[in-house]
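[1] Predicted model and sequence below, questions to follow.
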Amino acid sequence: MIISEFYTKIGQYTGYSSTNADEKAKMLTAINDVLRDFYNEYNLRSSLYDVTFTTTSGTYYYYLDAMANKIVNMREVSSQNNFDCYSREEFEKLYPYPQVNAIATHSLNDGGTGYAADDTFTIDDGTVSAKGTVLTVSSGVVLTYSLSYAGIGYAATTGETTTATSGSGTGLKINILTVSTDNGQPTMYVPLRKCWVAAQPTSASVINIKSSSAADTSKVVVKGWASGSFVVEEVTLSGETTTGANTANSYTEVLSISKAATTGTITATSNSAGVTVVSLLPWQTEKEYIKVRIHPIPNDTYSIIYTFYPKVYDLQYDNELIPLPDKFVGVFEDSVIELLFLQQGSNLADKWTKLVTTGKKELQEMDYQSEEETPDFNFEELMR
């Protein structure tokens, strides 16, 4: 059933008419409110979506479309191994220091001078510094030490320098013999946060924003991190489709890109068009994603598929289809009418409440009641 047909049926009971702009708006709002409730309340198996993304070796952060309302499962295509879902807190308890080129084996190169037992130090040149403690010394020269944290971003090398974090010793050098990474075929995913971009710059970069229509000269808002500071700026579309317009700042991380309705599709890229940060259709003011971490860190290209019950987006047009199976249409219609009568303060609301209660009971007996699939990437507050 399309919305225009639904307006006619609703109007027969409520007295509303789609020719009256205010009454039409009230009917459309009620339709969208009830539709969201149905998608949250019932397992609409016929609406299940499958989306596939491909991993890149060494990359463990991915941005998944946030249209998922309840995740049914995520799995690797070739092996069909299902992923486990962990919260950020659970993952950090299991893997407090996920290894990415961490120091695996090491040895003393130079004991330096002026050290004492229990002095602490960090090892230089890592992305995240390894941490160590002096165990024994002889006349201030380090004899033995231990590492409490293996760091991130190291390479095998001889005589890596260190920096004292307590004590007054200098000159301690460590041989990094091998490094290791927690890599392999991923088996778990960790939802991290909601965001409004599909990818991040690979290095600090201006964001180029371009429209597919030369008619677009409106402003686009960009938020993110540049040179260690949070910044917000407006970029005015250039009114042409070739060059586009650049941000004033070079971003290391983009948090969101948003706009008003446009004539053309807006595409934001970074790193000389090497990365598509987000693409927005003319009617989209923004697009939501969920940033997830997968683990172990992929050591190859894997196809990952996730299956979910989708969120339903607000309907707008008279000829749009109401996305419900036939068995739900009657109860849905009664629920919309009930809501409108409640808003009117009509005595007829009680009659329709009874009809809705009976209809929903029948749906529950058909086992359409929603089960405990993971809602909205484990973020309860994002349930619509």
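    Thanks, I have the structure now.

[2] Share the number of residues neighbouring the nearest residue to Tyr317 once chain neighbours are set aside, please.
    Closest residue to Tyr317 apart from its sequence neighbours, by CB to CB, 6 or more residues apart in numbering: Ile3 at 7.1 Å. All C-beta spots, glycine's among them, are computed from the backbone N, C-alpha and C. The number of residues packed near Ile3 is 20, by other CB atoms under 10 Å.

[3] Which residues are in contact with Ile3?
    Leu28, Ile31, Leu315, Tyr317, Asp318, Asn319, Glu320, Ile322 (CB atoms under 8 Å, 6 or more residues apart in numbering).

[4] filter those to the buried ones?
    Buried members of the contacts of Ile3, scored by 16 or more other CB atoms under 10 Å, are Leu28, Ile31, Leu315, Ile322.

[5] I'd like those residues written out as a markdown table, with secondary structure, pLDDT and distance to Leu348 added.
    Below are the buried ones among the contacts of Ile3 laid out as a markdown table (DSSP: H, G, I helix; E, B strand; the rest coil; pLDDT from 0 to 100; distance: CB to CB, whole Å):
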| residue | secondary structure | pLDDT | distance to Leu348 |
| --- | --- | --- | --- |
| Leu28 | helix | 95 | 21 |
| Ile31 | helix | 95 | 18 |
| Leu315 | coil | 90 | 25 |
| Ile322 | coil | 90 | 23 |
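
[6] can you put the residues you listed in a markdown table and add distance to Glu90?
    As requested, the buried ones among the contacts of Ile3 are exported to a markdown table (distance: CB to CB, whole Å):
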| residue | distance to Glu90 |
| --- | --- |
| Leu28 | 41 |
| Ile31 | 39 |
| Leu315 | 37 |
| Ile322 | 39 |
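
[7] what about the helices in the chain?
    Applying DSSP state H to the chain gives helices spanning 3-14, 21-41, 88-94, 326-344, 349-365.

[8] hey, which of these is tucked in deepest?
    helix 326-344 (a mean of 19; mean count of other CB atoms under 10 Å).

[9] Quick one: list the elements packing against it.
    For helix 326-344, the elements it packs on are helix 3-14, helix 21-41, helix 349-365, judged by 3 or more CB pairs under 8 Å, 6 or more residues apart in numbering; DSSP states H and E.

[10] re earlier: right, and out of the buried ones among the contacts of Ile3, which lies closest to Thr120?
    Nearest to Thr120 among the buried ones among the contacts of Ile3 is Leu315, at 61.1 Å by CB to CB.

[11] For stretch 134-143, buried residues please.
    Quick answer for stretch 134-143 (16+ other CB under 10 Å): Val134, Val137, Gly140, Val141, Val142.

[12] how far is that stretch from where the chain is centred?
    Averaged C-alpha coordinates place stretch 134-143 at 48 Å from its chain's average position (CA atoms, centre = their mean, to the nearest Å).

[13] what does that stretch rub up against?
    108, 111-121, 144-146, 167, 169, 172.

[14] One more: stretch 158-176?
    In contact with stretch 158-176 (CB under 8 Å, 6+ apart) are residues 103, 106-116, 118-125, 129, 131-132, 134, 140, 142, 145, 154-157.

[15] how about 7 Å then?
    Here stretch 158-176 makes contact (CB atoms under 7 Å, 6 or more residues apart in numbering) with 103, 106-116, 119-125, 140, 142, 154, 156-157.

[16] now do the same end-to-end measure for it.
    6 Å (CA to CA, to the nearest Å).

[17] Could I get the average pLDDT for it?
    Taken as a whole, stretch 158-176 has a mean pLDDT of 97.

[18] same question, stretch 197-217
    For stretch 197-217, mean pLDDT rounds to 96.

[19] Give me the buried positions along that stretch.
    So for stretch 197-217, counting by 16+ other CB under 10 Å, buried means 197-201, 205-212, 216.

[20] Using PDB, write out every CA atom in that stretch.
    Coordinates of each C-alpha in stretch 197-217 appear next as PDB, following Å, rounded to 0.1, in the frame of the first residue of the first chain:
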ATOM      1  CA  VAL A 197      31.600   9.800   7.700                       C
ATOM      2  CA  ALA A 198      32.400   6.700   5.800                       C
ATOM      3  CA  ALA A 199      36.200   6.900   5.800                       C
ATOM      4  CA  GLN A 200      39.000   9.000   7.300                       C
ATOM      5  CA  PRO A 201      42.000  10.800   5.600                       C
ATOM      6  CA  THR A 202      45.100   8.600   5.500                       C
ATOM      7  CA  SER A 203      47.100  11.700   6.600                       C
ATOM      8  CA  ALA A 204      46.400  15.300   7.400                       C
ATOM      9  CA  SER A 205      44.500  16.600   4.400                       C
ATOM     10  CA  VAL A 206      42.100  19.300   3.200                       C
ATOM     11  CA  ILE A 207      38.700  18.100   2.400                       C
ATOM     12  CA  ASN A 208      37.500  18.700  -1.200                       C
ATOM     13  CA  ILE A 209      33.700  19.100  -1.600                       C
ATOM     14  CA  LYS A 210      32.100  18.800  -4.900                       C
ATOM     15  CA  SER A 211      28.600  18.700  -6.300                       C
ATOM     16  CA  SER A 212      27.400  16.800  -9.300                       C
ATOM     17  CA  SER A 213      25.200  19.800 -10.200                       C
ATOM     18  CA  ALA A 214      26.500  23.300 -11.100                       C
ATOM     19  CA  ALA A 215      23.300  24.700  -9.600                       C
ATOM     20  CA  ASP A 216      24.700  24.100  -6.000                       C
ATOM     21  CA  THR A 217      26.200  27.100  -4.300                       C
END
